[in-house]
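Asker: Compute the structure for the input listed below.
(chains A, B and C)
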Amino acid sequence: MDYQQLITFIMEMLGTVAFAASGAMVAVDRAMDIFGVIVLGVTTAVGGGAIRDVILGIVPPAMFRNPIYTLVATITSCVVFMILYLKKELLQGHNRETYDKIMLVMDSIGLGIFTVVGVNTGISHGYVDYMFLLVFLGTITGVGGGLLRDIMAGVPPYILVRHIYACASIVGAIVCVLLYRHFGAVASMVGASAVVVLIRYLAAHYRWNLPKLTREEEN
Amino acid sequence: MDYQQLITFIMEMLGTVAFAASGAMVAVDRAMDIFGVIVLGVTTAVGGGAIRDVILGIVPPAMFRNPIYTLVATITSCVVFMILYLKKELLQGHNRETYDKIMLVMDSIGLGIFTVVGVNTGISHGYVDYMFLLVFLGTITGVGGGLLRDIMAGVPPYILVRHIYACASIVGAIVCVLLYRHFGAVASMVGASAVVVLIRYLAAHYRWNLPKLTREEEN
Amino acid sequence: MDYQQLITFIMEMLGTVAFAASGAMVAVDRAMDIFGVIVLGVTTAVGGGAIRDVILGIVPPAMFRNPIYTLVATITSCVVFMILYLKKELLQGHNRETYDKIMLVMDSIGLGIFTVVGVNTGISHGYVDYMFLLVFLGTITGVGGGLLRDIMAGVPPYILVRHIYACASIVGAIVCVLLYRHFGAVASMVGASAVVVLIRYLAAHYRWNLPKLTREEEN
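Answerer: Numbers count the residues shown, from 1 in each chain, chains lettered A, B, ... in the order given. As a prediction, the model looks like this:
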């Protein structure tokens, strides 16, 4: 395992932990039992990558052959469950705000990291010149897990209703491809995931909103 | 690009525009912002074909390598959004009826065209004698995009609740295979998609309903 | 077709009937028409296996090439619809309890059988030494159909909210692999599916519940 593989592995682990935590938090919030929490945590963590691998024809997908991702996601989900079980007050009142903030951070980190991991998987399979395919792979890897999480939990998908969600992923994927072509893999991964997290953070903090038609506006 | 390829390409473009418009309309109706509208429009337009390609082992699927479909779907979604943004009254009162009618037409055209495109993709990959597989491919390509749209938007899937939806697609796929065997590709594509649109239109117009058990009937 | 293939085939047919019936029952309960009932029955019956085949790179998936599974699922769905159409009182009052019990039995049998079928598909494709992959394949084949059913019907997925659902499937898959290694294919299939059904039955009967955080507990 050389330097670049090590960076990739560390980032994948970080993304797995972040997305598993976001999935587990949604599950706890929906009053699921410990098993539902684990299933949703694991699905959120490995779902996007599984979709990407199937699209690229990498079968069986990496996460089905290598248990490490599922194991890490399972442990993360259990830890989240235990913390919230022991500290129920974290879900209520003004702690709720802190909860929402942690959820946002976890989801942003997962989105950023998996976007660049998706792009890099495409590059390492020889599609370095297919800008459009790479951006699609990055976006699907980034948003796929969260989308499955929201569909399974029966909540309106983040990607469709929240601030500039897929937008951050798409911009990050483009930045990732450009950085890769000029500065190599490591710079592209670290730089582009930072860009995604930054865009999402700024969007949430300054309440950037894209135009939309609301019922209220109509009346 | 010969004559047949041209016809196929024109039909795919028409289907993409029609399905993207239907996805964008559902998204606007659910008060999503411009980005959610684009995501739902694109998903509706390319989703069914992506599922079909994965099932046939065509990886990466055509729409991930060729940006034209996504580009056309994105532009269509933006146009729909802008029209409804400038003319909010289209969503209300008795205009609502016109809106529903346009939605039905778009969805029917998309269903018809993608059904025959699905069958033809199967035929061109050498499965011309597998009637059952071809019909399944046609139906999945036809209903897949709309199904993803409805699941993501959190509305009850059209395919499960509306007039003879999947039924039209299945009949169209069978007609398509039969026409192909006797009259060639172009006749089968044009003829079979017309059959699908016709069945759906007649079903909606005459309120054809299949038997079902309702709560009302029970009491 | 030798002895082992015959057993596999019989079990697949049983699982198909059980899952199709569960899908059709959910569809009837959601007031869908006959076509929605068939679509949901077929999706529940063949969905898990289709996901598994795509993950293993078996394209087109078995159920798309061989009409027998879809045919059996269609017939089962029609029979369920007709019974409930003629005997509407089965959905009401204290008959409702019997209905729920039959639903539980059907869903358990489907879960048990498809779990072992999934494991065996993995083994017969040469992954006998990949314990983790086999368990994942078994679980996805087992829960995939029911998950698609619940998502399409817009009800909270069983796998996330009910008693020890995925848990039974995972334990069954592990038992299946171990039995296969020591006693061969037939023993592993029959034994392991019995284990899954037993765990689910006991869990439902004794109301085993895994720990969870409920709104009620919080107050």
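Asker: Quick check: mean pLDDT of stretch A:9-20?
Answerer: For stretch A:9-20, the mean pLDDT works out to 92.
Asker: Buried residues of it, list them for me.
Answerer: For stretch A:9-20, a neighbour-count test (16 or more other C-beta atoms under 10 Å in any protein chain shown) marks A:Met11, A:Glu12, A:Leu14, A:Gly15, A:Thr16, A:Val17, A:Ala18, A:Phe19, A:Ala20 as buried. Bear in mind the C-beta positions are built from the backbone N, C-alpha and C, glycine included.
Asker: I'd like those laid out as JSON lines, including distance to B:Ile55 and secondary structure.
Answerer: Converted to JSON lines, the buried residues of stretch A:9-20 look like this (distance: C-beta to C-beta, whole Å; DSSP: H, G, I helix; E, B strand; the rest coil):
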{"residue": "A:Met11", "distance to B:Ile55": "32", "secondary structure": "helix"}
{"residue": "A:Glu12", "distance to B:Ile55": "28", "secondary structure": "helix"}
{"residue": "A:Leu14", "distance to B:Ile55": "34", "secondary structure": "helix"}
{"residue": "A:Gly15", "distance to B:Ile55": "29", "secondary structure": "helix"}
{"residue": "A:Thr16", "distance to B:Ile55": "28", "secondary structure": "helix"}
{"residue": "A:Val17", "distance to B:Ile55": "33", "secondary structure": "helix"}
{"residue": "A:Ala18", "distance to B:Ile55": "32", "secondary structure": "helix"}
{"residue": "A:Phe19", "distance to B:Ile55": "27", "secondary structure": "helix"}
{"residue": "A:Ala20", "distance to B:Ile55": "29", "secondary structure": "helix"}
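Asker: so which pair among these is furthest apart in space?
Answerer: Greatest spatial distance in those: A:Met11 and A:Ala20, 14.6 Å, computed using C-beta to C-beta.
Asker: Show me what from chain A comes close to chain C.
Answerer: A:27-28, A:30-37, A:39-40, A:50, A:54, A:57, A:59-61, A:64-67, A:70, A:81, A:84-85, A:88, A:91-92, A:151-154 (C-beta under 8 Å from any C-beta of the partner chain).
Asker: of those residues, buried ones?
Answerer: For the residues of chain A next to chain C, buried by 16+ other C-beta under 10 Å: A:27-28, A:30, A:32-37, A:39-40, A:50, A:54, A:59-61, A:64, A:67, A:70, A:81, A:84, A:91, A:151-154.
Asker: Of the residues you listed, which ones also sit close to chain B?
Answerer: Near chain B, judged by C-beta under 8 Å from any C-beta, the entries from those are A:Val54, A:Ile151, A:Gly154.
Asker: wait, the last one sits on C:Pro156?
Answerer: Yes - the pair A:Gly154 / C:Pro156 is scored as a contact, 5.8 Å apart, by C-beta atoms under 8 Å.
Asker: re the thing from before, ok, of the ones next to chain B among the buried ones among the residues of chain A next to chain C, which one's closest to B:Leu179?
Answerer: For those, the minimum distance to B:Leu179 (C-beta to C-beta) is 32.5 Å, reached by A:Val54.
Asker: ok, that closest one - contacts?
Answerer: The contact partners of A:Val54, taken as C-beta atoms under 8 Å, 6 or more residues apart in numbering or on different chains, are A:Pro61, B:Val54, B:Val59, C:Val54, C:Ile55.
Asker: Low-confidence stretches in chain A?
Answerer: A:1, A:162-163, A:209-210, A:213-219 (pLDDT under 70).
Asker: And the helices in it?
Answerer: With DSSP state H as the criterion, chain A has helices at A:3-29, A:34-56, A:62-65, A:68-86, A:95-124, A:131-153, A:158-161, A:165-183, A:185-205, A:215-218.
Asker: Skip the chain neighbours and tell me the closest residue to A:Gln4.
Answerer: In space, and not counting its chain neighbours, A:Gln4 is closest to A:Ala185: 5.2 Å by C-beta to C-beta, 6 or more residues apart in numbering or on different chains.
Asker: Would you confirm that the one you found contacts A:Asn120?
Answerer: Yes - A:Ala185 is within contact range of A:Asn120, at 6.4 Å (criterion: C-beta under 8 Å).
Asker: more neighbours, these two?
Answerer: A:Asn120 (25 against 20; other C-beta atoms under 10 Å in any protein chain shown).
Asker: quick one, what contacts the more buried one?
Answerer: Residues counted as contacts of A:Asn120 (C-beta under 8 Å, 6+ apart) are A:Thr8, A:Cys176, A:Tyr180, A:Ala185, A:Ser188, A:Met189.
Asker: Go through the residues you listed and name the one nearest chain C.
Answerer: If you rank the contacts of A:Asn120 by distance to chain C using C-beta to the nearest C-beta, A:Thr8 comes first, at 20.9 Å.
Asker: quick one, what contacts the closest one?
Answerer: A:Val117, A:Asn120, A:Ala185, A:Met189.
Asker: one more time with 7 Å, if that's ok
Answerer: Residues in contact with A:Thr8 (C-beta atoms under 7 Å, 6 or more residues apart in numbering or on different chains) are A:Asn120, A:Met189.
Asker: Check A:Phe114 too.
Answerer: A:Gly15, A:Gly48, A:Gly49, A:Thr141, A:Gly142, A:Gly145.
Asker: Apart from its neighbours in sequence, what residue is nearest the fourth one?
Answerer: What that stands for is A:Thr141. A:Gly118 (2.7 Å).
Asker: Distance of the one you found relative to chain C?
Answerer: 18 Å (C-beta to the nearest C-beta, to the nearest Å).
Asker: Stretch A:133-140 vs chain B: in contact?
Answerer: Yes - for stretch A:133-140, a contact with chain B is found by C-beta under 7 Å from any C-beta of the partner chain, at A:Leu133, A:Phe136.
Asker: Buried ones in that stretch, by neighbour count?
Answerer: Judged by neighbour count (16+ other C-beta under 10 Å), stretch A:133-140 contains these buried residues: A:Leu133, A:Leu134, A:Val135, A:Phe136, A:Leu137, A:Gly138, A:Thr139, A:Ile140.
Asker: cool, stretch A:73-87 as well?
Answerer: A:Ala73, A:Thr74, A:Thr76, A:Ser77, A:Cys78, A:Val80, A:Phe81, A:Leu84.
Asker: show me the contacts for the closest residue to A:Thr70 other than its chain neighbours.
Answerer: Once flanking residues are discounted, A:Thr70 sits nearest to A:Val42: 5.5 Å by C-beta to C-beta, 6+ apart. Applying C-beta under 7 Å, 6+ apart, we find A:Val42 in contact with A:Ala20, A:Thr70, A:Ala73, A:Thr74, A:Ser77.
Asker: can you do 10 Å?
Answerer: Going by C-beta atoms under 10 Å, 6 or more residues apart in numbering or on different chains, A:Val42 touches A:16, A:19-20, A:23-24, A:63, A:69-74, A:76-77, A:145, C:136, C:166.
Asker: Of the contacts of A:Phe114 - the most surrounded one?
Answerer: Most surrounded of the contacts of A:Phe114: other C-beta under 10 Å gives A:Gly142, at 34 neighbours.
Asker: That one: what's it in contact with?
Answerer: Residues counted as contacts of A:Gly142 (C-beta under 10 Å, 6+ apart) are A:15, A:19, A:48, A:52, A:110-119, A:159, A:165-166, A:168-170, A:172-173, A:193, A:196.
Asker: Now render the helices of chain A as a markdown table, adding distance to C:Arg207.
Answerer: Output for the helices of chain A, formatted as a markdown table (distance: least, C-beta to C-beta, whole Å):
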| stretch | distance to C:Arg207 |
| --- | --- |
| helix A:3-29 | 21 |
| helix A:34-56 | 15 |
| helix A:62-65 | 33 |
| helix A:68-86 | 20 |
| helix A:95-124 | 30 |
| helix A:131-153 | 24 |
| helix A:158-161 | 34 |
| helix A:165-183 | 40 |
| helix A:185-205 | 42 |
| helix A:215-218 | 43 |
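Asker: wait, which of those is closest to C:Ile102?
Answerer: helix A:34-56 (24.2 Å).
Asker: Now do that closest one against helix A:95-124, angle only.
Answerer: For helix A:34-56 against helix A:95-124, the angle by axes from the mean of the first three to the mean of the last three C-alpha atoms, to 10 degrees is 30 degrees.
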